[in-house]
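Visitor: how would this look folded up:
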Amino acid sequence: MDLATVRQLKNELRSEIDNAYRGQGGVRFGSSVKIGAKPRVSLGVAPAPEPGQFRLAVRARWERDLPPGMAEELRREAAGEVDILFTGPVEVKPAVAGSVTPYLAVGASVGHHRCRAGTVGFFGRRITDGLYGIVSNNHILAMADEGRDGDEILHPAAADGGRRSQNVVALLSGDYPRLRGQVAQVDCAFAVLVQGVSFDARPLGFAQRLMDTSIPPELQLDIAKVGRSTGLTYGRISAFDLEVFHIDYGFGPVPFEGQIETRSATASPFSLPGDSGSLVFSIPQLHPMGLVFARTPHGLTYANPINAVLNALGVTVVT
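Guide: Alright, predicted model coming up:
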């Protein structure tokens, strides 16, 4: 199917599922659904084997999360045009052991002075005042909504030996988008670099600089990222435009919309805990595409679309 057709089908199916769970019947899934239950089904777009073609992506943690008979009926009716995947839990977890780089660059260790370690996604320039800073996840720079304006950000992160007495590189901007109490689009925050701190805007290990323009996932499926835990890894986008996608945080689940799903292109994981905040970029051109923030135990990684991150923070990418 072409992209427009898949998106139309996705919207129609979302309406059917929502009506079923509200007890309003529905052509497909109106019976045997518990009224008042919250749907835990995420719909999006998945690439098809044929270049330029797409399929409907259906994601749920477990098959029991789908309305009764949905998987069988979709497989029967769609005739290969649906990609159904049961992910298991999708989590934000503490960092594993990682490497520490001697200089501040894209992919380096970073974190709130009271927080676990994460990754420098990229360096941004704030549109309102021109200040330069670090972009990473809210749960890395702001402790999942707990951080306050001016909090100290360390490189390397405290879990990697960073100390407030000598490793403060940035100060948190307190107007970051919150996670709790809403359907979220991004898990991101911005921290203004301390005067005199130097940085390298290139991804670690790259001579090539990032492009200053993004590219939509439907136009570029081959990707890479550089993270604090796993370094440079290669992957492929397996779904995008994922809506009503629930992510488990320490304080509880948060529903997200418009997210990107990736999987590794090799036998090694695309990301591990501690890679949160990594920038997903296209290969070989290095167009920014997304910001890593969650993963499953089975190897799927999820990222916020880069344009949503830039708009939420009011920054541009420093190249």
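Visitor: alpha carbons only for contacts and neighbour counts from here, please
Guide: OK.
Visitor: The longest strand anywhere in the chain: partners in the sheet, and parallel or antiparallel?
Guide: Among the segments of the chain that qualify as a strand by DSSP state E, the longest is strand 231-243. Taking DSSP bridges as the criterion, strand 231-243 forms sheet pairs with strand 42-47 (antiparallel), strand 222-227 (antiparallel), strand 259-264 (antiparallel).
Visitor: which parts of that strand are buried?
Guide: 231-243 (16 or more other CA atoms under 10 Å).
Visitor: May I have that strand as CSV, with CA atoms only?
Guide: Output in CSV follows, covering the C-alpha atoms of strand 231-243 (Å, rounded to 0.1, in the frame of the first residue of the first chain):
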residue,chain,number,x,y,z
GLY,A,231,28.9,3.1,21.0
LEU,A,232,28.2,3.1,17.2
THR,A,233,25.4,0.7,16.1
TYR,A,234,23.5,0.3,12.9
GLY,A,235,19.8,-0.4,12.6
ARG,A,236,16.7,-0.1,10.5
ILE,A,237,13.3,1.6,11.1
SER,A,238,10.7,-1.0,11.6
ALA,A,239,7.7,1.3,12.2
PHE,A,240,6.8,4.9,12.6
ASP,A,241,3.8,7.1,13.4
LEU,A,242,3.1,4.8,16.4
GLU,A,243,0.2,6.2,18.4
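Visitor: bridging residues for residue 57?
Guide: Those that pair with residue 57 in a beta bridge, by DSSP bridges, are residue 44, residue 83.
Visitor: Can you report how many residues lie near it?
Guide: 23 (other CA atoms under 10 Å).
Visitor: what's near enough to touch it?
Guide: Residues in contact with residue 57 (CA atoms under 8 Å, 6 or more residues apart in numbering) are 43-46, 82-85, 239, 242.
Visitor: Please identify which helix or strand holds residue 13.
Guide: helix 3-21 (DSSP states H and E).
Visitor: Using TSV, lay out the strands paired with strand 231-243 together with mean pLDDT and distance to residue 69.
Guide: Putting those into TSV (pLDDT from 0 to 100; distance: least, CA to CA, whole Å) gives the following:
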stretch	mean pLDDT	distance to residue 69
strand 42-47	95	16
strand 222-227	98	34
strand 259-264	98	25
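Visitor: Tell me the one of the buried residues of strand 231-243 nearest residue 95?
Guide: residue 231 (13.5 Å; CA to CA).
Visitor: Could you find the closest non-adjacent residue to that closest one?
Guide: residue 107 (7.3 Å; CA to CA, 6 or more residues apart in numbering).
Visitor: all helices of this structure, in order?
Guide: Here the chain has its helices, by DSSP state H, at 3-21, 70-78, 138-141, 306-313.
Visitor: Comparing these, which yields the minimum mean pLDDT?
Guide: Across these, helix 70-78 has the smallest mean pLDDT, namely a mean of 75.
Visitor: Quick check: chain neighbours aside, which residue is closest to residue 3?
Guide: Excluding the flanking residues, the one nearest residue 3 by CA to CA, 6+ apart is residue 54, at 6.0 Å.
Visitor: Who are the contact partners of that neighbour?
Guide: Per CA under 8 Å, 6+ apart, neighbours of residue 54: 1-3, 6, 45-48, 81.
Visitor: Now do the buried residues in stretch 307-319.
Guide: Of the residues in stretch 307-319, 307-310, 312-313, 315-319 count as buried by neighbour count, 16+ other CA under 10 Å.
Visitor: Endpoints of it, how far apart?
Guide: End-to-end span of stretch 307-319 (CA to CA, to the nearest Å): 16 Å.
Visitor: So which residues make contact with that stretch?
Guide: 122-128, 176-177, 185-186, 188-190, 201-202, 209-212, 214, 289-291.
Visitor: What's the PyMOL syntax to select whichever of these are buried?
Guide: Buried subset of the contacts of stretch 307-319, written as a PyMOL selection, criterion 16+ other CA under 10 Å:
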select buried, resi 122+123+124+125+126+176+177+185+186+188+189+190+201+202+210+211+214+289+290+291
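Visitor: The contacts of stretch 307-319 in strands, which ones?
Guide: Among the contacts of stretch 307-319, DSSP E puts 122-126, 189-190, 201-202, 289-291 in strands.
Visitor: export those to CSV and tack on pLDDT?
Guide: Converted to CSV, these look like this (pLDDT from 0 to 100):
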residue, pLDDT
122, 98
123, 98
124, 98
125, 98
126, 98
189, 98
190, 99
201, 96
202, 96
289, 98
290, 98
291, 98
